[in-house]
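> Pasted the sequence and its predicted model underneath.
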Amino acid sequence: MIAPQYPAGPFVPDEHSSAQRRQGAIDVLEQAPSALRAAVAGLNDTQLDTRYRNWTVRQIVHHLADSHVNAYVRFKLALTEERPTIKPYDEGRWVALDDSRSGSIAAPLALLEGLHASWVQLLRCLTEEQYARSYFHPEMGEEVPLYRALGSYAWHCRHHTGQILWLRDHHGWRETTTQ
């Protein structure tokens with residue numbers, strides 16, 4: 001069976017900012033580290049090195065930490081500068097580095113926990129006007145308002161955790177030995 005492209009459904013961008021949608025996305029970000037930790041709980045090295053399409057479970061965990069560090073910085077830049085142009089990064093090259101290919105997942109899991117706690121704290125303090133602030137993404141060629149970026153990163157959490165959960169279900173992996 002071929003793994004689905006979008007196990008949590010495709011991303012649908014928020015065209016309008018609403019307090020209810022933002023709160024739902026913040027809740028996802030707040031719960032994402034524990035959801036990811038539960039998704040990888042008990043997986044052994046062979047399971048962590050199993051691919052979901054292009055990346056292994058291990059690489060997915062590292063990718064989430066890499067991506068969300070960049071996201072947090074993008075939010076801070078948009079809040080402190082006028083429409084900053086963000087620095088894109090090559091996520092494929094990042095996950096090809098040795099730490100992502102063969103390193104422990106303990107550090108990126110811990111990083112996500114602290115990062116998301118700080119990010120959620122920031123997000124809960126923002127005003128409607130601040131959520132309307134934006135950054136320019138040169139690869140996309142467009143301005144990205146923070147409310148839309150928030151929805152994107154909440155989906156990103158569900159998407160990659162969903163990939164790992166799909167593998168667990170598909171292979172019948174149950175909790176075994178802890179990493």
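That came through fine.

> Go through this protein and flag its longest helix.
Within the chain, and with DSSP state H defining each element, the longest helix by residue count is helix 146-171.

> pLDDT weak spots in the protein?
Judged by pLDDT under 70, the chain has its weakly predicted residues at 175-179.

> in it, which spans are helices?
Remark: helices assigned in the chain by DSSP H are 19-40, 45-48, 57-80, 91-95, 98-102, 106-125, 128-131, 146-171.

> on that earlier part again, give me the angle between the longest helix of the chain and helix 106-125.
With axes from the mean of the first three to the mean of the last three CA atoms, to 10 degrees defining the directions, helix 146-171 sits at 140 degrees from helix 106-125.

> From the contact counts, what lies against helix 146-171?
Under the contact criterion of 3 or more CB pairs under 8 Å, 6 or more residues apart in numbering; DSSP states H and E, helix 146-171 touches helix 19-40, strand 51-52, helix 57-80, helix 128-131. To be clear about C-beta, it is placed using only N, CA and C from the backbone, and glycine gets the same treatment.

> Could you point out which of these sits nearest residue 151?
Comparing the helices and strands packed on helix 146-171 against residue 151 with CB to CB, the closest turns out to be helix 19-40 (5.2 Å).

> what's the closest of the helices and strands packed on helix 146-171 to residue 140?
helix 57-80 (12.2 Å).

> Can you give me the buried ones in stretch 87-104?
Of the residues in stretch 87-104, those buried by neighbour count under the rule 16 or more other CB atoms under 10 Å are 94, 95, 100.

> Check stretch 61-74 too.
Buried positions in stretch 61-74, judged by neighbour count with 16+ other CB under 10 Å: 61-72, 74.

> Identify the residues contacting it?
When contacts are defined by CB atoms under 8 Å, 6 or more residues apart in numbering, stretch 61-74 is touched by residues 32, 36, 40, 48, 55, 86, 89, 91, 94-95, 99-100, 103, 105, 107-109, 111-112, 115-116, 118-119, 122, 135, 149, 153, 156-157, 160.
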